[in-house]
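Engineer: Show me how the following folds:
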Amino acid sequence: MSGSNRWSKIKRKKKKKDKARSKKFSKLVEKIQSAAKECDGNRDNPRLSQLIEQAKEADMPKDNIEDAIERALSEKEGEKEIAYEAYGPGGVAMIIETHSSNRNKSAAEIRHILDTHECTLGKPGDTKWAFDQKRDTQDNRVFIPQNTIPVSEEDKTNLKDLITDLKENEEVEAVFTNAE
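Structural biologist: Below you'll find the predicted structure:
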C-alpha cells in the first residue's frame, strides 16, 4: 500500500506545531486579561486593541479573545459568569447561564438538579453549536437556537419542571433550550 505511513510522518510535525500554537495562545490570553483588567475592558485602550490585533494575526479564535476579556472582568468583580451545557428531556440541548463565585459548588448543584430529572451535564462545546450567541439591550448574553427540535407532551412537561427547578437555584440567571 503506497503512502500507508503518511499520517505517522505528519503527526509529529502537527504535534510540534500545535504545541507551539497553544503556548503562543496562552501567553496572548494572559496579556489580554491583564490589559482588560487595567482598562476595565475598554477596547479603545491602545494596549488592549494592539493585543487583540496580535491575537487575530496569530489566528486565535474570536471566541477565545472575547472569553479572555470576559474572564478578566468577572475575576475583577469576584463573581464569574459560567455557562453549563446539558441535554434535557427528549435530547433537548440546553445552556444554563449562572453567576457564581464558586465554580465547583455551582457545577455540583446544577449536576444534582439535572440528575434528579434524569438529564446529563455536557462538556464545554457539547450544545453551544446549536445556538447563536448574541447580546440583548442590557448587554447580557443570549443564546438563540439555530433550529428547534420537536418535543413530546411528556418531555415538554418534564422540561418545564426542570427549568423551574433550575431557576429556583439562586445562582442560575437564565436557561436556554432548542425545544419547539
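Engineer: now the helices for the protein?
Structural biologist: Listed in chain order, the helices of the chain (DSSP state H) span 6-39, 46-57, 62-77, 103-116, 153-168.
Engineer: what packs against the fourth one?
Structural biologist: It stands for helix 103-116. Applying 3 or more CB pairs under 8 Å, 6 or more residues apart in numbering; DSSP states H and E, we find helix 103-116 packed against strand 80-87, strand 93-100, strand 120-121, helix 153-168. The way it works is simple: take the backbone N, C-alpha and C, and place the C-beta from them, glycine included.
Engineer: a markdown table for the ones you listed, including mean pLDDT?
Structural biologist: Converted to a markdown table, these look like this (pLDDT from 0 to 100):
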| stretch | mean pLDDT |
| --- | --- |
| strand 80-87 | 87 |
| strand 93-100 | 89 |
| strand 120-121 | 91 |
| helix 153-168 | 91 |
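Engineer: Quick one: these as a markdown table, columns for distance to residue 134 too.
Structural biologist: A markdown table is the format used below for those (distance: least, CB to CB, whole Å):
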| stretch | distance to residue 134 |
| --- | --- |
| strand 80-87 | 14 |
| strand 93-100 | 13 |
| strand 120-121 | 24 |
| helix 153-168 | 20 |
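Engineer: Just name the most buried of those.
Structural biologist: Highest mean neighbour count among the helices and strands packed on helix 103-116 (mean count of other CB atoms under 10 Å): strand 93-100, with a mean of 23.
Engineer: Tell me the predicted confidence for residue 144.
Structural biologist: Looking at residue 144, its pLDDT stands at 88.
Engineer: count of neighbours near it?
Structural biologist: Residues contacting residue 144 under the criterion other CB atoms under 10 Å number 10.
Engineer: among the helices and strands of this structure, which one scores worst on average pLDDT?
Structural biologist: helix 62-77 (a mean of 82; mean pLDDT, DSSP states H and E).
Engineer: Does anything pack onto it? Which helices or strands?
Structural biologist: With contacts taken as 3+ CB pairs under 8 Å, 6+ apart, helix 62-77 sits against helix 6-39, helix 46-57, strand 80-87.
Engineer: Quick one: residues in contact with the shortest one.
Structural biologist: The reference is to strand 80-87. 70-71, 74, 93-101, 103, 106-107, 110, 114, 119-128, 141, 143, 173 (CB atoms under 8 Å, 6 or more residues apart in numbering).
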